[in-house]
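Q: Got a sequence here, can you build the structure:
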Amino acid sequence: LILGTAFALYTVSLAMTDVIHAILLFYLTPVWSTLAGWVLLGERITATRIIAVILGFAGLWALLGGGGVPLPRNAGDWLALLSGLLWSAGTLRSFARPSQGIALPVFCFAGGGLAASAVLLVIASALSLPMAAVSNLLPVLPWIVLLAIAIFMPPNFLVLWAAQRMDPGRIGILLMTEVLVGSISAGLLAGEAYGASEAIGTALIVTAGLVEVWGRRS
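A: Below is the predicted model of the structure:
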């Protein structure tokens, strides 16, 4: 339920603020997850984990143009930050007390996302925000259903399965590949720039993932 709520808040934040701030504020999750695992589960913070987190954030910084440190400036930024905190809490709970199967977590993930989306729509409607307009929803509803089944469900199934088997900090670091794949696909499919900074960011994020996996095996 917590993970579904986090996903809904992150998605809405992308529509309420610029993508750079939303991504960077959400992907503070490795920090929250590592600290929570240390405080609540007694996990040891290793040198390789610290190096992986630093490399991951350096990669994000390079991919997103090398701008300054993003601080929450509006409601969308705060939603992105809150979604990252909730994602850390949800993955921590999944790892500490894993389910016997995957069907129930997937169902509850969808339920949490649906409930959080309903609350957000009620608030948006009360504030007369465009995202709550029914006229904006109905024309794209078939696409929403299709994308949910074909694109969103498979990776979420895999993430929920993995969250019960890997510690939350490691999940957060490996999920940074979302930004990596997004930048490459944007360059190939949407004609967006992919130059030296993007290549450096890609290399740093890949290295962060390799360091994290290597550190766990060593």
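
Q: quick one, what contacts the residue of the chain positioned farthest from its centre?
A: The centre of the chain is farthest from one residue, Ser135, which by C-alpha atoms, centre = their mean lies 28.6 Å away. By C-beta atoms under 8 Å, 6 or more residues apart in numbering, no residues touch Ser135. The C-beta positions use only the backbone N, C-alpha and C, and glycine is treated the same way.

Q: tell me which element Ala116 is part of?
A: Element membership of Ala116, judged by DSSP states H and E, is helix 103-126.

Q: quick one: buried residues of that helix?
A: Neighbour-count burial for helix 103-126, counted by 16 or more other C-beta atoms under 10 Å, picks out 105-106, 108-110, 112-113, 116-117, 120-121, 124.

Q: try stretch 43-54
A: 43, 48-49, 52-53.

Q: what distance separates it from the centre of its chain?
A: Distance, stretch centre to chain centre, for stretch 43-54: 19 Å (C-alpha atoms, centre = their mean, to the nearest Å).

Q: With just CA atoms, put it into CSV.
A: Only the C-alpha atoms of stretch 43-54 are listed here, as CSV (Å, rounded to 0.1, in the frame of the first residue of the first chain):
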residue,chain,number,x,y,z
GLU,A,43,22.6,-3.0,8.7
ARG,A,44,26.2,-2.0,8.3
ILE,A,45,26.9,0.9,6.0
THR,A,46,29.8,-0.3,3.9
ALA,A,47,32.4,1.7,2.0
THR,A,48,31.1,0.2,-1.3
ARG,A,49,27.6,1.4,-0.5
ILE,A,50,28.8,4.9,0.2
ILE,A,51,30.8,4.9,-3.1
ALA,A,52,27.8,3.5,-5.0
VAL,A,53,25.5,6.3,-3.6
ILE,A,54,28.1,9.0,-4.5
